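Engineer: curious how this folds, go ahead:
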Amino acid sequence: MEQEKNVVELEIYLIRHGQSNTNAGINVHETPTIQDMADPYLTEIGISQARALGEHLSCVDFDYVYSSGLFRAERTATEVIKAQKNPQKLRILPLLTENGMGRDYTGATWEELHEINPDAHIAPDLPEDTEILFYSDHDDNASHYVRAEKVIEYFRAHHSGKEKICVVSHAAFITHIVFYLMGLKEVPSFDINFSNTGVTKIIFYKKGTNKYGDIIFDYINSTAHLKDLPETK
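Structural biologist: You can find the predicted model right below:
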């Protein structure tokens, strides 16, 4: 029997959130609060980026949309959902939280998040009492790699039937996910400057069916949808 070729099991569109107040150097308060620093909102430019992203991805029929429980990621993912022909509920996966989240910031409560987005729910098969954020008790590269592995294991375990999923997270943690998928055991000497709403498309093939490998990066940090918007960091 001839071996199957190019059998796709999963496509992940891994996305950084839109520009936040912190990214733009905007201090909402004269003395920045912990929320200002840890969980800032999107700027007007950030909202425009998220809407442009949603329009750009409207041709992709996502089976699931995930984000971290931080407002900037949630708002970005919500704009993607709004542009979908068949909108999905937003699934919050706490493992997608940005690196360095300490216990001094308790984060948004589910009640607060539901006031903004009533359709946001905890990711499948996680307990209902799961905390909305993942706290980095050990903020080091080794622990970030372990968390990146858990994220990929979660997606592979729950989506292996050719699903397309949108995943909105944060620049530093996305870097660890990408390096983990590249097979790098330690942080390399180069870095990837993930842009606000930059899209990285990753295709997972059934083992042994694609001659170029089981994991393929179709593109990394694509910002084609931002061509008419100001460049941000």
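
Engineer: going forward, measure contacts between C-alpha atoms and count neighbours the same way
Structural biologist: OK.

Engineer: contacts for stretch 15-23, please.
Structural biologist: 27-28, 36-37, 40-43, 45-47, 49-50, 72-73, 76-77, 166-171, 174, 194-200, 221, 232-233 (CA atoms under 8 Å, 6 or more residues apart in numbering).

Engineer: which among these end up buried?
Structural biologist: Neighbour-count burial (16 or more other CA atoms under 10 Å) is assigned, among the contacts of stretch 15-23, to 36-37, 40-43, 45-47, 49-50, 72-73, 76-77, 166-171, 174, 194-200, 221.

Engineer: looking at those, which are in helices?
Structural biologist: Using DSSP state H, 36-37, 45-47, 49-50, 72-73, 76-77, 171, 174 are the members of the buried ones among the contacts of stretch 15-23 that sit in helices.

Engineer: how deep is D137 tucked in, by neighbour count?
Structural biologist: Neighbour count of D137, defined by other CA atoms under 10 Å: 12.

Engineer: from here on, call the first residue 33.
Structural biologist: Yep, numbering from 33; the last one is D169 now.

Engineer: if I look at it, how far off is I154?
Structural biologist: D169 is 22 Å from I154, where distance means CA to CA, to the nearest Å.

Engineer: now, among the ones in helices among the buried ones among the contacts of stretch 47-55, which is nearest to Y96?
Structural biologist: Using CA to CA, A109 comes nearest to Y96 of these, at 10.7 Å.
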